[in-house]
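Chemist: show me the folded form of this:
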Amino acid sequence: MKVILGLGNPGKEYEHTRHNVGWWLIDHLADRWQFDGWKKDGQAKVAQGHLTGVKETLRLVKPQTYMNLSGGVLVQYARRPFWAPANDLLVVVDDVAIPAGTWRLRAEGGAGGHNGLKSIDQALDTQKYARLRIGVGDPERAPGGPLKDYVLGAVGKREGESIRALFPVVEEAVEAWVRDGIKGALDVQSRA
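Modeler: Okay, here's the model as predicted:
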């Protein structure tokens, strides 16, 4: 089973914040792929199905814990005998270090100060899993200082449009990851 985990915070007050762009993409994918409706599964909501020509089940996951506890929802997958984060997990996350309207895909890496990724690293005891970072950074924002207000702030209209404009090419990269692993997804990124 392939798992695509979108990071975000539950609750209406967080729905349109920068910290929830991972959920935005996950919702977009569920709609585009016409997966079954969202169902509660422990501390997460999940939707699953298959991509055309792919036998393996694909599960979209939105943790219903707060960001800094996101990794807990992956424990059930890590216990599966043939499931490995390096091959079977893609995490979609916001990133303040890259500008809004851009994205970056990596096969592995550090948390970069992101509490959701820190939680995943701790729960899985590894940093070897793919992560797709969606930029929410503002080049006009002064460096340093607390990020909490910024990431929990509402996305403006223009910023939201630039983020959502990424979804078609990002969707192509995610589909390549499902079909061909991280190498296929990185090939899409290099052409974007």
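Chemist: which ones are touching Met1?
Modeler: By Cβ atoms under 8 Å, 6 or more residues apart in numbering, the contact set of Met1 is Glu56, Thr57, Leu58, Arg59, Tyr77, Arg80, Trp83, Asp88. C-beta coordinates here come from the backbone N, C-alpha and C atoms, glycine included.
Chemist: quick check, nearest of those to Met67?
Modeler: Of all the contacts of Met1, Met67 sits closest to Tyr77, with 18.8 Å by Cβ to Cβ.
Chemist: need the strands for the chain, in chain order.
Modeler: In order along the chain, the chain carries the following strands (DSSP state E): 2-6, 39-41, 44-49, 58-63, 89-99, 103-106, 130-137.
Chemist: chain center to stretch 33-43, what's the gap?
Modeler: Distance of stretch 33-43 from the chain centroid (Cα atoms, centre = their mean, to the nearest Å) equals 16 Å.
Chemist: again with stretch 25-34
Modeler: Counting by Cα atoms, centre = their mean, stretch 25-34 is centred 12 Å from the centre of its parent chain.
Chemist: is it possible to get CSV of the strands of the chain that adds mean neighbour count, mean pLDDT and distance to Ala154?
Modeler: Output for those, formatted as CSV (neighbours: other Cβ atoms under 10 Å; pLDDT from 0 to 100; distance: least, Cβ to Cβ, whole Å):
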stretch, mean neighbour count, mean pLDDT, distance to Ala154
strand 2-6, 24, 98, 18
strand 39-41, 11, 97, 27
strand 44-49, 20, 97, 22
strand 58-63, 23, 98, 19
strand 89-99, 21, 95, 13
strand 103-106, 18, 97, 20
strand 130-137, 23, 95, 11
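Chemist: and the angle for the lengthiest helix in the chain with strand 58-63?
Modeler: With secondary structure taken from DSSP state H, the chain has its longest helix at helix 167-191. Orientation of helix 167-191 against strand 58-63 (axes from the mean of the first three to the mean of the last three Cα atoms, to 10 degrees) gives an angle of 110 degrees.
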